[in-house]
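Asker: let's see this in three dimensions:
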Amino acid sequence: MGEMPFLTRMRGRRSGLSDPASPPPSANAAPLSREDKLAIIEDLEERGLAWFWATDAQGHVTYLSPRIAASAGVAVDDLIGRPLTAVLTPVGQGGEAPSLALKLAARKSFAGFTVQVGEGGRTLVLRLSGRPVSDAAGAFLGFRGSGINVTDAFLGEQEAARQARSDALTGLANRYRMEQVIDATLLAFGASRRACALMMLDLDRFKHVNDTLGHAAGDKLLVEVARRIESVVGSRGEIGRLGGDEFQVLLPDLDDRGQLGDLARKIITMLSQPFALEEGRCSIGTSVGIAIAPYDGVGRDELTRAADLALYAAKHNGRGQFRFYAVDLEAEDRLRRQMEEDLAAAIEAGHIRVEYQPVVALADNRVCALQLQYVWHDPERGRVSADTFMPVAEASRLVTRIGRDGLRQACRDAAQWPAGLRLVVPVSPVQFTDRQFLDDVEAALDESGLDPQRLQIEVGEDLYRNDHDEVERIVSALFRRGVRLSLDQFGSGYVSLSYLRRAPFCTIKLGQSFFESTITDTLGDLEMVQAIVELAKVLRLETVAAGVGSMALLEALRGRGITHAQGFVFSEALAAEEVAAQLAADDWQLEPVRDGAQRAGRRTVFRRVGLIHQDHYYEVTLRNLSRTGAMIEGLEDVPVGTQFVLDFGGGQLAVATVVRTDGDTQGLEFESALVDDGAGGLCTRHRVSPYALAVAGAPVAALGAGPSLIAGGEKGGGSPACFTLSARAPRAGDAQS
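Answerer: Predicted coordinates:
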């Protein structure tokens with residue numbers, strides 16, 4: 001059937017279309033004839049202001065306005081005889097085609113259905129109305145109807161909706177969209193008992209970019225940040241920008257904390273690389289907080305709050321790090337705030353003391369330098385190491401005061417040392433970029449009379465994430481003053497080889513994290529170390545390995561050309577009085593000790609944990625912990641080969657085998673290695689799911705900090721216990737450490 005104008009098609013048959021309203025009567029006006037009325041309708045059709053359609057009693061198309069078909073790139077002849085519901089398809093999810101089919105089957109009038117027609121990228125969106133038509137005897141003949149082209153309005157609505165869900169600057173999902181996605185995901189995953197992870201990201205030093213390069217540069221930077229996050233996450237999750245420099249990543253079906261930690265590290269590394277903007281080169285960083293549903297929260301508010309707490313902990317642990325949520329983070333936050341108050345008081349009271357760790361020349365084991373370290377002697381806490389309080393000092397900027405006082409005291413001490421012994425002073429980025437830093441150095445040198453050549457300022461490579469020009473200005477001023485400079489954390493990627501070639505550094509240091517894979521029983525691959533040593537030789541730089549804790553590692557580094565080392569294998573940090581006693585001898589040499597490996601390779605923890613054997617639950621003391629095993633005490637005469645499940649609490653269970661035993665002390669080897677928890681500690685890769693606990697009758701809720709599960713035996717019946725608790729086992733009244 002060819003194209004047939006609507007006028008011809010309708011002439012002589014019952015219309016099914018209402019007559020248009022007539023104008024008020026007038027003496028000179030006559031009513032329009034049927035032909036004139038249909039001519040008006042035909043004109044509307046040809047001009048595309050309205051379109052018309054008709055079906056037979058079976059719902060097959062018998063007429064469709066030629067113009068609307070042509071606009072959609074479809075030949076009318078290809079549409080005639082096809083079901084209307086196949087020609088006009090639904091718009092959006094869920095669609096309206098099923099409703100249209102029901103209306104056609106019900107033979108009732110309808111209006112306002114949005115459909116689309118077209119192919120080859122020329123799709124039109126139409127608003128459809130129709131009514132049933134019958135003959136004089138009442139027999140159903142089919143449908144006739146009309147419609148309007150609403151494509152432009154529909155696309156405008158879609159764009160407005162997209163903008164309402166998207167961040168206008170980056171194109172990522174906005175806060176509203178992320179809330180919707182998280183709600184929908186948690187609802188669906190709760191029903192199917194699946195897990196998902198939520199990452200919260202906050203950029204470091206973004207305000208500095210805005211202040212120095214301008215807000216336009218800041219906007220461009222945010223766009224580049226979004227692209228880099230997308231390149232790491234890919235299709236694994238939904239990424240959103242919540243506003244400012246806050247981002248969020250939702251990762252469905254991912255609760256493996258090893259994989260999540262790796263992903264967080266990749267994001268941190270990617271965002272730590274310099275950005276080249278039109279306004280200039282800049283470097284930032286990011287911190288990441290991670291929470292996992294249902295372990296850390298079941299609803300959106302609970303999960304988001306958990307991720308926020310983890311992010312806050314990551315930022316106050318030194319920035320550029322990730323952190324998993326843990327139940328004790330809230331208490332940790334309170335302790336951190338209290339520590340900040342106490343630290344400020346300790347500075348005023350003079351409770352922050354200086355100590356010095358020897359730096360040894362590996363050629364002859366002579367001490368050639370002493371590195372300044374800080375220790376806090378607190379009346380209640382006792383001796384507090386710098387690893388514990390310096391992150392708090394950094395976050396609160398108290399580090400500037402600590403560093404200023406420490407520099408002056410250290411220069412006074414060093415002035416009393418032999419002329420060949422250098423003082424190494426590590427300086428944080430916060431202290432280094434403080435406007436008074438150069439004056440502080442000058443004052444310390446003048447007051448002590450120390451030769452500037454004996455003072456060596458040590459900065460981390462991450463310092464260059466700040467204003468590069470300002471850093472170079474300070475470095476140049478120190479060099480002109482005669483102060484030596486060393487570069488710590490070499491290999492992070494912030495300092496180019498071309499800059500290193502012209503910069504006035506005398507030493508590069510490889511930190512303990514650089515050797516992380518080598519401080520266990522196997523040395524791992526040290527080829528990268530040798531490459532750096534060769535580079536240092538070309539640049540005429542000394543190389544220092546820090547954190548060396550084993551004889552095996554020391555010998556491997558010595559064999560690859562490292563010139564200097566420091567760490568437990570030689571000596572702990574010494575008080576000024578101990579240094580003076582050592583210097584009383586003419587020649588200070590240190591021989592490496594073989595017990596340094598244990599101190600560096602394991603974490604000493606001393607806390608209560610659960611131990612499950614058969615249907616018994618024992619409480620023992622965890623003494624040492626590593627990725628692959630632990631040492632426990634509290635059970636008598638456990639034979640080698642015994643299998644336990646170690647309960648760290650908070651849903652963390654680890655299957656372990658006894659590999660050595662001595663009285664009430666056992667060495668355990670884990671079936672699956674632990675992973676980094678982002679806070680310098682270790683955690684299990686997986687946890688007991690609240691969904692699994694729900695099978696046993698527990699409510700689906702976030703995990704608490706207590707035991708993951710309670711077996712029988714000493715916790716409530718069962719067969720006789722296989723092992724006896726020793727006198728050193730924790731008791732019910734003992735405080736939990």
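Asker: contacts only, for residue 51.
Answerer: By C-beta atoms under 8 Å, 6 or more residues apart in numbering, the contact set of residue 51 is 45, 64-65, 67-68, 126, 146-149. In this view, the C-beta of every residue, glycine as well, is placed from N, C-alpha and C.
Asker: try it again at 6 Å.
Answerer: 65, 68, 147 (C-beta atoms under 6 Å, 6 or more residues apart in numbering).
Asker: cool, residue 233 as well?
Answerer: Residue 233 neighbours (C-beta under 6 Å, 6+ apart): 239, 249.
Asker: and it, what pLDDT?
Answerer: Residue 233 carries a pLDDT score of 96 in this model.
Asker: do residue 346 as well
Answerer: Looking at residue 346, the pLDDT reads 93.
Asker: residues in contact with it?
Answerer: 352, 376.
Asker: if we can go back for a sec, what is the nearest of the contacts of residue 51 to residue 243?
Answerer: Closest to residue 243 out of the contacts of residue 51 is residue 147 (41.7 Å), distances taken as C-beta to C-beta.
Asker: hang on, that closest one in a strand?
Answerer: Yes - assessed with DSSP: H, G, I helix; E, B strand; the rest coil, residue 147 lies in a strand.
Asker: and the closest residue in space to residue 114 that isn't next to it in sequence, how many neighbours?
Answerer: Nearest non-adjacent residue to residue 114, counting by C-beta to C-beta, 6 or more residues apart in numbering: residue 91, 4.9 Å away. Using other C-beta atoms under 10 Å, the number of residues around residue 91 comes to 19.
Asker: residue 376 is in contact with residue 389, isn't it?
Answerer: Yes - in this structure, residue 376 is within contact of residue 389 by C-beta atoms under 6 Å, at 5.3 Å.
Asker: show me the longest helix that occurs in this protein.
Answerer: As assigned by DSSP state H, the longest helix anywhere in the chain is helix 329-349.
Asker: I'd like the next helix or strand past that one.
Answerer: strand 352-361 (DSSP states H and E).
Asker: residues contacting that following strand, please?
Answerer: Taking C-beta under 6 Å, 6+ apart as the rule, strand 352-361 contacts 346, 367-377, 402, 406, 409-410, 564-566, 570-571, 573-575, 579, 590.
Asker: looking at those, which are in strands?
Answerer: Per DSSP state E, strands hold the following members of the contacts of strand 352-361: 367-377, 564-565, 574-575.
Asker: okay, residue 591: pLDDT?
Answerer: 89.
Asker: can you list phi and psi of it for me?
Answerer: phi -90, psi 140 (degrees, to the nearest 10).
Asker: against residue 485, how distant is it?
Answerer: According to C-beta to C-beta, to the nearest Å, residue 591 and residue 485 sit 30 Å apart.
Asker: now do the contacts for residue 571.
Answerer: Per C-beta under 6 Å, 6+ apart, neighbours of residue 571: 358, 590.
Asker: change it to 8 Å
Answerer: 357-358, 590.
Asker: of these, which is the most crowded?
Answerer: Neighbour-wise, those (other C-beta under 10 Å) top out at residue 358, 23 neighbours.
Asker: could you find the closest non-adjacent residue to that one?
Answerer: residue 367 (4.4 Å).
Asker: return the set of residues that bridge with the one you found.
Answerer: residue 360 (DSSP bridges).
Asker: picking that back up, from the contacts of residue 571, which is closest to residue 635?
Answerer: residue 357 (38.1 Å).
Asker: out of the contacts of strand 352-361, which are buried?
Answerer: 346, 367-376, 402, 406, 409-410, 564-566, 570-571, 573-574, 579 (16 or more other C-beta atoms under 10 Å).
Asker: what's the overlap in contacts for residue 376 and residue 389?
Answerer: The contact lists of residue 376 and residue 389 share residue 343, where a contact means C-beta under 8 Å, 6+ apart.
Asker: how about the contacts of residue 51 in CSV, adding pLDDT, neighbour count and distance to residue 284?
Answerer: Shown next, in CSV, are these (pLDDT from 0 to 100; neighbours: other C-beta atoms under 10 Å; distance: C-beta to C-beta, whole Å):
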residue, pLDDT, neighbour count, distance to residue 284
65, 86, 23, 58
68, 78, 23, 53
147, 87, 24, 53
